[in-house]
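**Q** Pasting the sequence and the predicted model now:
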Number of protein chains: 2
Amino acid sequence: MTKDKAIGWIGTGLMGSPMVKHLLNAGYKVNVQNRTKSKATELIELGCTWFDTPAEVAANSDVIVTIIGSPADVEECYFGQEGIINGMKSGAILIDMTTTKPSLAIKIAEVAGMHGAQFIDAPVSGGEVGAINGTLSIMIGGDKAVADSVLPLFETFGKNIVFQGPAGSGQHTKMCNQITIAGTLIGVCEGLLYGFKAGLDLNTLLQSISKGAAGCWSLDILAPKIAKGDYSPGFTVNNFVKDLGIALEEAEAMRLSLPGLALVKQLYLSIQAMGKGTLGNQALYLVLEKLSNLNKN
Amino acid sequence: MTKDKAIGWIGTGLMGSPMVKHLLNAGYKVNVQNRTKSKATELIELGCTWFDTPAEVAANSDVIVTIIGSPADVEECYFGQEGIINGMKSGAILIDMTTTKPSLAIKIAEVAGMHGAQFIDAPVSGGEVGAINGTLSIMIGGDKAVADSVLPLFETFGKNIVFQGPAGSGQHTKMCNQITIAGTLIGVCEGLLYGFKAGLDLNTLLQSISKGAAGCWSLDILAPKIAKGDYSPGFTVNNFVKDLGIALEEAEAMRLSLPGLALVKQLYLSIQAMGKGTLGNQALYLVLEKLSNLNKN
């Protein structure tokens, strides 16, 4: 990936903006587009070139990266009238870093192939902090040689970059990540709720349980927030519901029964029903509290 | 806790034996009793004094520690005809390190108090390896001054020793630990099962997800075992079912609804129904596999 290649970047939100800055710092030339142009202002000031549509970005770029919203947004961005497929040059490399449906990744890869381009799916974890610090975990699906060719680009903002297999494998890996988080979160929230009801001091409780077999990221990072009633988002309930929905849908398509995940999703729907979808996903605690008619906050 | 005090130790199984060895190495004089005498042979050879009943151990000891089996075993050991309460000296300190019911701990504390003795509940986590290495996490409930007085004893085999509150608080803390583990385990097992069904290589999958927000002890220690079909026990399904049952019973008594824990317990009952209760608790994977009519092994 030489630096004379033009990088197209669609999606300059909380994740995309700091990722583009890492590319700029590394000396890449970046063309940008975003649904809301104002969110790209800073990047334009830093030297990015603005284009009005994904098709125009694609027409002027060798590698096009997307990191946007829902699977429907991704579909429109690639297949819409003004989408990437309609604008891209032959030989282009397309990379979707949005967390989206594995089946959509496979579909984009097929269509891209039919038009002489190549596609890899490369969702990330690590959140806004990981994007800012350049320490994202990147899970890659697609052709291995293509993935290797864009590795220098990934290395500007990623730390744990792992090739997982053919098209869709990056998205499948991200689903495994979210499924595991769903379990750890209900374990942590139910453990804390039990502790609260039993009269324990939650922070003292955490001293006992956080270092052993119950230990997990959610216990280290989210439990102390719950203990002080802090439900500010690192990752929102709404985004988590989106991801758990994709995981359940894909699992069902594979005839896979995941009762734990299904239960956790239902509880998250209840948080949305409470009008609290913009809180952080540690708000799972709030619905469990409500189930037992408790309110510690 | 001076070393001229006689320590009584009831329960010389996988956990108790290495713990007693740490006491012996530290210079304590230890009286032992166990339901199966042969399991105490090595300790007797190392200098422990054998007594035939808990009452006799208690009659000859200043501090009496129990680490045995089920809540029913604990009840018999304290309240039975030949139990500790019937044999103990006035001023004795009783310590139960078995994982048992918080409500039983409260009851023993009350009865001990009526008989001029003091009781603390101090269950552990860290398993046989922690007992051997002297790195157990000890969760303490009872009178703070009494707990402080036996700290030197705990320090011979414990690393993370935390006073949690009044009688029963140690057991409640252990329940929080087990509840959290139940959640992390279903998250890990469902995540791995999804990955397997999606065609991912499980070890490569773990490289992507084990270091971020999905990270947990179960993913680090148990997932690699599952990936290679190793269901040997660190902690058995049967013991885990016992603990989850206590947690659900105590939660219900507190009018606490824990839907995640209830689901996980039901799945573990299915593993017992499969005749696999002596496997390690990572065998949760096997019942999920069966639910989806899969068999990777």
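**A** Arrived safely.
**Q** Span of stretch A:59-72 from start to end?
**A** 22 Å (CA to CA, to the nearest Å).
**Q** May I see the buried residues of that stretch?
**A** Of all the residues in stretch A:59-72, those buried under the rule 16 or more other CB atoms under 10 Å in any protein chain shown are A:59-71. To be clear about C-beta, it is placed using only N, CA and C from the backbone, and glycine gets the same treatment.
**Q** from the chain's centre, how far out does that stretch sit?
**A** 14 Å (CA atoms, centre = their mean, to the nearest Å).
**Q** same thing with stretch A:287-297?
**A** 29 Å.
**Q** likewise stretch A:251-267?
**A** That offset, for stretch A:251-267, works out to 19 Å (CA atoms, centre = their mean).
**Q** List the buried residues for that stretch?
**A** For stretch A:251-267, by 16+ other CB under 10 Å, it's A:Ala251, A:Leu256, A:Ser257, A:Leu258, A:Pro259, A:Gly260, A:Leu261, A:Ala262, A:Leu263, A:Val264, A:Lys265, A:Leu267.
**Q** follow-up on the earlier one: which of the buried residues of stretch A:59-72 fall within strands?
**A** Residues of the buried residues of stretch A:59-72 located in strands (DSSP state E): A:Val63, A:Ile64, A:Val65, A:Thr66.
**Q** Please tell me how far the third one sits from chain B.
**A** Per CB to the nearest CB, to the nearest Å, A:Val65 is found 19 Å from chain B.
**Q** Spit out the contact partners of that residue.
**A** A:Ile7, A:Gly8, A:Trp9, A:Ile10, A:Gly11, A:Ile95, A:Asp96, A:Met97, A:Leu153 (CB atoms under 8 Å, 6 or more residues apart in numbering or on different chains).
**Q** repeat that for 10 Å
**A** A:7-11, A:16, A:19-20, A:23, A:30, A:57, A:93-98, A:122, A:150, A:153-154 (CB atoms under 10 Å, 6 or more residues apart in numbering or on different chains).
**Q** So which of those belong to strands?
**A** Filtering the contacts of A:Val65 for strands - DSSP E - leaves A:Ile7, A:Gly8, A:Trp9, A:Ile10, A:Val30, A:Ile93, A:Leu94, A:Ile95, A:Asp96.
**Q** What helix or strand is the nearest residue to A:His115 once chain neighbours are set aside located in?
**A** Spatially, and ignoring its direct neighbours in sequence, A:His115 is nearest to A:Ile85 (6.0 Å; CB to CB, 6 or more residues apart in numbering or on different chains). Assessed by DSSP states H and E, A:Ile85 sits inside helix A:84-87.
**Q** dump the residue contacts of A:Lys159.
**A** A:Gly126, A:Gly130, A:Asn133, A:Gly134, A:Thr135, A:Leu136, A:Ser137, A:Ile138, B:Lys211, B:Gly212.
**Q** avg pLDDT for the helix holding A:Ile85?
**A** Helix A:84-87 shows a mean pLDDT of 98.
**Q** Tell me which other helices or strands it touches.
**A** Using 3 or more CB pairs under 10 Å, 6 or more residues apart in numbering or on different chains; DSSP states H and E, the elements in contact with helix A:84-87 are strand A:6-10, helix A:54-59, strand A:63-66, helix A:71-79, strand A:93-96, helix A:102-114.
**Q** which stretch among these comes nearest A:Ala167?
**A** Counting by CB to CB, A:Ala167 lies closest to helix A:102-114 out of those; the figure is 3.7 Å.
**Q** For chain B, tell me whether that closest one is touching it.
**A** Yes: applying CB under 10 Å from any CB of the partner chain, one finds helix A:102-114 touching chain B at A:Pro102.
**Q** got the angle for that helix vs helix A:71-79?
**A** 0 degrees (axes from the mean of the first three to the mean of the last three CA atoms, to 10 degrees).
**Q** Next up, identify which helix or strand A:Leu263 is on.
**A** helix A:259-273.
**Q** tilt between that helix and helix B:259-273?
**A** 170 degrees.
**Q** Just the buried residues of whatever helix or strand comes next after helix A:259-273, please?
**A** Using DSSP H and E, the next helix or strand after helix A:259-273 towards the C-terminus is helix A:284-291. Buried residues in helix A:284-291, counted by 16+ other CB under 10 Å: A:Leu284, A:Tyr285, A:Leu286, A:Val287, A:Leu288, A:Glu289.
**Q** Phi and psi next, for A:Ser137.
**A** phi -90, psi 130 (degrees, to the nearest 10).
**Q** Nearest residue to it in space, ignoring adjacent ones along the chain?
**A** A:Ser137 sits nearest to A:Asn160 (CB to CB, 6+ apart), 4.1 Å away.
**Q** State the distance from A:Ile7 to A:Leu94.
**A** 12 Å (CB to CB, to the nearest Å).
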